[in-house]
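Student: Kindly generate the corresponding structure for this input.
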Amino acid sequence: MRQIFSIALLLPLAAWPAAALADDPPAAEAAVLPAAVGAPRDVPYAGMIALRVTPDLDHHVFNVAETLPVRGGGPLTLLYPKWIPGTHSPEGAIAAMAGLTITADGAPVPWTRDTVNVYAFHVDVPAHAGSLKLSFQYLSPVTSREGAVVMTDRIALLQWWQEVLYPAGYYARGITVRPAFDLPAGWQYGSALEEQSRGGGTVTFKPVTLDVLVDSPLYAGLYFARWDLAPGAKTPVHMDAVADAPEDLAIKPEDLQAHRNVVTQSALNYASQHYDHFDFLVAVSDETSSGLEHHRSSENGVPTTYFTDPKKDIFSRTYLMPHEYSHSWDGKFRRPADLWSPDFNIVPERGSLLWVYEGQTQYWGEVIAARAGLQTAQQFRDYLASTGAELQAQAGRNWRDLQDTTNDPVINQRRPLSWRDWSRAEDYYMEGALMWLDADTLIREKTNNAASLTTFAQKFFGIDDGSYKEATYAFDDVVGTLNAVYPYDWAGFLRTRLDTHPNTALLDGIERSGWRLVFTDKESDLSKAGSALRKVHSFRFSLGLIAAGDGAVRAVSWGGPAYQAGLSAGVSIVAVNGTDFDADTLSDAIKKAQTTRAPIELLIHNGKHYRTVAIPYYDGLRYPHLERIAGVPDRLSDIIAPLK
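Tutor: Residues are numbered from 1 along each chain as shown. Presented below is the predicted three-dimensional model:
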């Protein structure tokens, strides 16, 4: 046997007897997939869902009770929202949904999660059932390591898409919900939802369709304030704020007026209002985190100094509230066709036009903030300088074009990146804003200020004034409206800036506005405020690194001096030229190296190891600013002049 076996090993496969091959295992094949969840239909769901949410402040938990009307027995699929409008990605927090139980007439009803679409739950409805009662918990983040904190013992930020299961097979606009919220004792709330009744601490709202509910968050808190931002106006606009402490809500009269100016300037810029009422929802908190656009409201998370010390908090005033408010026109009313979805699960969102949805909104947020007086002209220029310098220095622009970054919400979902400078991320915001500045200044130049990007905004977003039914658009619609403002090769203009890398026209809008990007050894007040907010010190444009106060390196520029010396984020700077690290010591060393031409020595700590690196950098401190170009009209000042 041993001899026969050894000979057999030498035979080719074709020489083996058929009987021997018959015992071989079959080739691997994929298991059959379960049937896909049915596509949504534009028909109404019979009956009204009753939804009640009770916050458990001690444990950061939202308890959900839901009554779902059903007719007759048979299979039913329930969906937990996955694709969340405004996030542009599948961010549904399914992992935080727990404790699901379903009953009919008091008896348990089993459910099964779909093994492919894990946001879907299959239920066999008993024949006699007229409704199902659902209960579950949304386990909100307890610390920022888990995600955005939305609940403390003083604040609850309720996003309804985290608190609802809905029947598959229907457009969201065909499902009606009567929402309710159990308000903790002594608390008040703000929301675009309209209150129907109140009793025993429970606030019940008027029924709305599911798409409206998901688009209408609720902010509640122990410390609450509400301001009228459009006194006497036909269409009401309010700012509803919750805070960590009552003193955080002490708004100054001139600051309140600036926020009122945001409403006035936005209405003039878009020549329309696409809501019957609007609520700025504001969390003035250092403990919670929020921020998202909605059609009749906006989520805005700001530091506790936002109202009490506007000069200290100038960084968050450069665009935040005007940005989210502008989304009522740009993104919620006029929406890219591939970002509109009939439900929140089956039809995925695609972001090919995010450079309009977010990029132009970013531009208008900055401009309207300046027009309204939330920021000064100098702060506006400093913000543009910082944006232009950051993008110009970004190595990733050499391999990845702006259009491709519109895929980033799906690719990365805003998770931290180790080398963001090289990979790029959602640059359709900032680079998109510079592209629209380019378009604005070009229109102003060619028409001798007879038209501008505001003209485009009024034509494009100002249609059907008073309507808040979504109006979708495609690339050709954007180009067509631009041509109606000023005939030009706008398709070529846009595609060149979107599809080439690097985009060499990056700073054209700044220069056509009468300014140029320069660097000096003085950091702008806006940059200092931003660094203070993030608790870092930026040497981005000199050594190519950003460090915290304790020397921890937060970021390193790909290909820059620190990179060439072998540094990366995650290491710590212990000493500079033999002296304990602090930001001033490093700044002094950078200045000294200009004269001595001696490399800057850094003692680096990485895990259990120490090493010394020498960085041969001799160009001094560099911080971005804008400088006037002689002979070119100051179009930036024209752009941020208040509309009348």
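
Student: residue ranges for the helices of the stretch 251-400 of the chain, please.
Tutor: Secondary structure of the stretch 251-400 of the chain, counting by DSSP state H, counting those that start in this stretch: helices at 253-270, 320-326, 354-357, 359-372, 377-392.

Student: The longest one - what's its average pLDDT?
Tutor: By that I understand helix 253-270. The average pLDDT within helix 253-270 is 97.

Student: Residues contacting that helix, please?
Tutor: If you take C-beta atoms under 8 Å, 6 or more residues apart in numbering as the criterion, helix 253-270 is touched by 227, 229-231, 237, 239, 273, 280, 307, 310, 321-322, 325-326, 329, 364, 367-369, 371-374, 454, 457-458, 461-462, 642-644. The C-beta positions use only the backbone N, C-alpha and C, and glycine is treated the same way.

Student: List phi and psi for the residue nearest the centre of the chain.
Tutor: For the chain, residue 87 is the residue whose C-alpha lies nearest the centre (C-alpha atoms, centre = their mean; 5.6 Å). Backbone geometry at residue 87, expressed as degrees, to the nearest 10, gives phi -90, psi -20.

Student: picking up where we left off before, PyMOL command to pick out the buried ones of the contacts of helix 253-270?
Tutor: Buried subset of those, written as a PyMOL selection, criterion 16 or more other C-beta atoms under 10 Å:
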select buried, resi 227+229+230+237+239+273+280+307+310+321+322+325+326+329+364+367+368+369+371+372+373+374+454+457+458+461+462
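
Student: just to revisit the earlier point, what's the closest of the helices of the stretch 251-400 of the chain to residue 466?
Tutor: Residue 466 lies closest, by C-beta to C-beta, to one member of these: helix 253-270, at 11.9 Å.

Student: can you tell me how far the nearest residue to residue 131 once chain neighbours are set aside sits from residue 49?
Tutor: Among residues not flanking residue 131 along the chain, residue 69 sits closest, at 5.1 Å (C-beta to C-beta, 6 or more residues apart in numbering). Distance of residue 69 to residue 49, given as C-beta to C-beta, to the nearest Å: 7 Å.

Student: Between these two, which has more neighbouring residues?
Tutor: Comparing residue 69 with residue 49 by other C-beta atoms under 10 Å, the one with more neighbours is residue 49, at 23 against 16.

Student: Surely that one is within a strand?
Tutor: Yes - checked against DSSP: H, G, I helix; E, B strand; the rest coil, residue 49 lies within a strand.

Student: surely it meets residue 178?
Tutor: Yes - using C-beta atoms under 8 Å, residue 49 is in contact with residue 178, at 7.1 Å.

Student: closest to residue 497 out of the helices of the stretch 251-400 of the chain?
Tutor: Residue 497 sits nearest to helix 354-357 of all these, at 8.7 Å, using C-beta to C-beta.

Student: Other residues contacting the closest one?
Tutor: Residues from elsewhere that reach helix 354-357, judged by C-beta under 8 Å, 6+ apart: 88, 330-331, 335-336, 339, 351, 402-403, 406, 409, 426, 428, 432, 435, 478, 498.

Student: can you rerun that using 6 Å?
Tutor: With C-beta atoms under 6 Å, 6 or more residues apart in numbering as the test, helix 354-357 has contacts from 331, 336, 406, 428, 432.

Student: can you tell me which residues contact residue 217?
Tutor: Residue 217 makes contacts with 159, 299, as judged by C-beta under 6 Å, 6+ apart.

Student: rerun that using 8 Å as the cut-off
Tutor: By C-beta under 8 Å, 6+ apart, the contact list for residue 217 reads 157, 158, 159, 160, 191, 281, 292, 294, 297, 299.

Student: and residue 140, which of the helices of the stretch 251-400 of the chain is closest to it?
Tutor: Judged by C-beta to C-beta, the one of the helices of the stretch 251-400 of the chain that comes nearest to residue 140 is helix 320-326, at 21.3 Å.

Student: For that closest one, name the packing helices and strands.
Tutor: Packed against helix 320-326 by the contact rule (3 or more C-beta pairs under 8 Å, 6 or more residues apart in numbering; DSSP states H and E) you find helix 253-270, strand 278-284, strand 291-293, strand 297-302, helix 359-372.

Student: Let's have those in CSV, adding distance to residue 419.
Tutor: Shown next, in CSV, are the helices and strands packed on helix 320-326 (distance: least, C-beta to C-beta, whole Å):
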stretch, distance to residue 419
helix 253-270, 37
strand 278-284, 32
strand 291-293, 25
strand 297-302, 27
helix 359-372, 23
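
Student: Minimum distance to residue 55: which of those has it?
Tutor: Among these, the nearest to residue 55 by C-beta to C-beta is strand 278-284 (14.7 Å).

Student: Run the angle between the closest one and strand 297-302 for me.
Tutor: Counting by axes from the mean of the first three to the mean of the last three C-alpha atoms, to 10 degrees, strand 278-284 lies at 20 degrees to strand 297-302.

Student: Run the chain-centre distance for strand 278-284.
Tutor: With C-alpha atoms, centre = their mean, to the nearest Å as the basis, strand 278-284 stands 16 Å off its chain's centre.

Student: tell me the average confidence for it?
Tutor: The average pLDDT for strand 278-284 rounds to 98.

Student: just stretch 438-457 next, same as before
Tutor: Mean pLDDT, stretch 438-457: 98.

Student: Dump it to PDB, restricted to CA.
Tutor: C-alpha atoms of stretch 438-457 as PDB (Å, rounded to 0.1, in the frame of the first residue of the first chain):
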ATOM      1  CA  ASP A 438     -15.300  82.000  -7.600                       C
ATOM      2  CA  ALA A 439     -18.600  81.900  -9.400                       C
ATOM      3  CA  ASP A 440     -20.000  84.900  -7.400                       C
ATOM      4  CA  THR A 441     -17.000  87.200  -8.200                       C
ATOM      5  CA  LEU A 442     -17.000  86.100 -11.900                       C
ATOM      6  CA  ILE A 443     -20.700  87.000 -12.200                       C
ATOM      7  CA  ARG A 444     -20.100  90.400 -10.500                       C
ATOM      8  CA  GLU A 445     -17.000  91.100 -12.700                       C
ATOM      9  CA  LYS A 446     -18.700  90.200 -16.000                       C
ATOM     10  CA  THR A 447     -22.000  92.000 -15.200                       C
ATOM     11  CA  ASN A 448     -20.300  95.000 -13.600                       C
ATOM     12  CA  ASN A 449     -22.200  94.200 -10.400                       C
ATOM     13  CA  ALA A 450     -25.600  94.000 -12.100                       C
ATOM     14  CA  ALA A 451     -25.900  90.400 -11.000                       C
ATOM     15  CA  SER A 452     -24.300  88.100  -8.400                       C
ATOM     16  CA  LEU A 453     -24.700  84.700  -6.800                       C
ATOM     17  CA  THR A 454     -27.500  86.200  -4.800                       C
ATOM     18  CA  THR A 455     -29.300  86.500  -8.200                       C
ATOM     19  CA  PHE A 456     -28.800  82.800  -8.700                       C
ATOM     20  CA  ALA A 457     -30.100  82.000  -5.200                       C
END
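
Student: Cheers, nothing more for now.
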